[in-house]
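Q: Please work out how this folds:
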Amino acid sequence: MFRALCPVETLYVGQRSRAVLSCLLRGRVDVAALSAAFDAMTQDHPTLRSRIAEDGAGYVLRLLDEDERPRLATRTGDPETAYAAELNRPLPVGGPLSRAALVSAPDGDSHLFVLLIDHTVTDGHSSIALHNALWDRYRALVGGEPLPHAPAGDVPRWPRPISESLPPADAAATAAYLDARTERARRHPVELVPYDVRPQDTDGHIEVRRLTLDTGLTARLRDTARGAGLSVHALIAAALLDTARRRLDGDGPRTLGCLSPVDLRSRLSPPRPASEMVPAVTTHLQTLEVSGSPDHLELARTVHARLTGFLARGDHFHELRITPEIPRNPALQLATVIVTNMGVVPGPRLPEGLRAVDVRLVPGREEYFPGAGRSPVMACVVSFEGRLAIEFPHFTACFSPAFMRAFRDDVRETLLGFAHAAEPERVHAAAG
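A: Below is the predicted model of the structure:
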């Protein structure tokens, strides 16, 4: 059984990107129940027990045989070491599109659960929803509820591609939009942050620098945004743009690009729930002239106004329709900084005797192109249970850990300035 990939989904096949959800746990874990919960999730979502296969000029999702489908892997080890290993372990084309692992410390009381999903079949919102649903199923199982019985020979319920839910469009209008986007990209080429590592100096691996804010500081940042009529996303984007600008020469204006993924689920009619395992995002790229000493709030206002106008015009639908053109014209999505934002999301609900110490979402990919000499800087922003976290994944053959630590710390400094604007008292941000 198979399901064809639409042109938008096909782009992710070449990117080999994945969502990495992780949960640091304290307490007792019933391994059998967690394994059964993961099996139930892969049964409910056939994309998770599928592989990518070529089919003529395109690709399809094909169900794996029963002995090939992903199962929960368990082992004993150090959670921090295990996280680094899972982050760097790929989901290759032809293999399962999901993976789950539970790594327990020797004392049996500390655990790391990691869930990886290929971006061909998920986005940030659906991966978070799946992670929470898995723990809901686990909680029900340890509470004595039986698993629902799947009928033999049950036909898989493939989710429809998001591109099939777009409103009708005039082909001429889409062509005109593409022409305008192509011309803007040609007239305003963006500058990228240069690597500080020579590719011949190291083989490279993925690491993550992290910036976290406590609930009080997160609330003050939100108050600043609300008081200025802006989004927290705009404040974070301004901080990232300024930090990237400081990595370029001179004091005059430089043309920088900010790429913001845009969730489409709530903007469709009818809306598509986050529980559907499909990539349901498009992107907004804006170019800005950023000086060496910008007014951070004015920069945030520009980011906010442009993104708001993009959505108000319905250009997010046009943007998804032209996505298949990106391989022929990568400048359509080339940015100095990529700023995702999942918003405020709940963490998993766990049974008594087990608690989540930390929950993370980090994107990873297979190729970071160290030979290119420069690239966008990625920031994955999510607030689990009201605590803001910004994850900076990077490849060490491109950006060194020291470089990314300094980049993160500069972003933190700007965000602290925004927070002080809401309540001028000493506040603290934690960094990992």
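Q: what's the model's confidence in stretch 391-400, averaged?
A: Per-residue pLDDT over stretch 391-400 has a mean of 97.
Q: what's the spacing between it and its chain's center?
A: Its chain's average C-alpha position is 16 Å from that of stretch 391-400, according to Cα atoms, centre = their mean, to the nearest Å.
Q: cool, stretch 83-97 as well?
A: Worked out by Cα atoms, centre = their mean, stretch 83-97 lies 16 Å from the chain centre.
Q: And the contacts of that stretch?
A: For stretch 83-97, contacts defined as Cβ atoms under 8 Å, 6 or more residues apart in numbering pick out 13, 16, 18, 20, 22, 47-53, 61, 64, 68-70, 98-99, 101, 112, 114, 116-118, 120-121, 205-208, 362, 364, 366, 393. C-betas here are computed from N, CA, C, even on glycine.
Q: again with stretch 233-249
A: 191, 193-194, 221, 224-225, 254, 256, 258, 260, 288, 290-292, 294, 296-297, 299-301, 303-304, 307, 336-337, 339, 341, 377, 379, 381, 390, 407, 410-411, 414-415, 418.
Q: In strands, which of those residues appear?
A: Counting by DSSP state E, these place 193-194, 254, 256, 258, 260, 288, 290, 337, 339, 377, 379, 381, 390 in strands.
Q: Sort out which one of the residues you listed lies nearest A176 for me.
A: For the ones in strands among the contacts of stretch 233-249, the residue nearest A176 by Cβ to Cβ is S260; the value is 22.7 Å.
Q: In ChimeraX, how would I select the buried members of the contacts of stretch 233-249?
A: In ChimeraX, this line selects whichever of these come out buried by 16 or more other Cβ atoms under 10 Å:
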select :191,193,221,224,225,254,256,258,260,288,290,294,296,297,299,300,301,303,304,307,336,337,339,341,377,379,381,390,407,410,411,414,415,418
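Q: Show me the contact partners of stretch 262-276.
A: With Cβ under 8 Å, 6+ apart, stretch 262-276 has contacts from 123, 125-126, 128-130, 133, 159, 162, 165-167, 278, 280-284, 307, 310-311, 316, 319-320.
Q: Turn the buried ones among those into a named ChimeraX selection, would you?
A: With 16+ other Cβ under 10 Å as the burial test, the buried ones among those are selected in ChimeraX as follows:
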select :123,125,126,128,129,130,133,159,162,165,166,278,280,281,282,283,284,307,310,316,319,320
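Q: Narrow the contacts of stretch 262-276 to those in helices?
A: H125, S126, I128, A129, L130, A133, L307, F310, L311, H316, E319, L320 (DSSP state H).
Q: can you tell me how far the third one sits from R226?
A: For I128, the distance to R226 equals 24 Å [Cβ to Cβ, to the nearest Å].
Q: With the fourth one instead?
A: With the distance defined as Cβ to Cβ, A129 ends up 26 Å from R226.
Q: how's this structure carved up into domains?
A: Per automatic domain parsing, the domain ranges recorded for the chain read 2-142, 164-431.
Q: Quick one: closest of these to V155.
A: Closest among the domains of the chain, using Cβ to Cβ: domain 2-142, at 9.4 Å.
Q: start to end distance for that closest one?
A: One end of domain 2-142 sits 34 Å from the other (Cα to Cα, to the nearest Å).
Q: Average pLDDT for it, rounded please.
A: Domain 2-142 shows a mean pLDDT of 95.
Q: With stretch 253-265 instead?
A: 97.
Q: closest to L354 among the ones in helices among the contacts of stretch 262-276?
A: A133 (16.6 Å).
Q: Tell me which residues of the longest helix seen in the chain come out buried.
A: If you go by DSSP H, the chain has its longest helix at helix 401-422. Within helix 401-422, the residues that count as buried by 16+ other Cβ under 10 Å are 403-404, 406-408, 410-412, 414-416, 418-422.
Q: and it, what other elements does it pack with?
A: In terms of contacts (3 or more Cβ pairs under 8 Å, 6 or more residues apart in numbering; DSSP states H and E), helix 401-422 is packed against strand 206-213, helix 215-227, helix 232-245, helix 296-312, strand 387-395, strand 429-431.
Q: All set, thanks.
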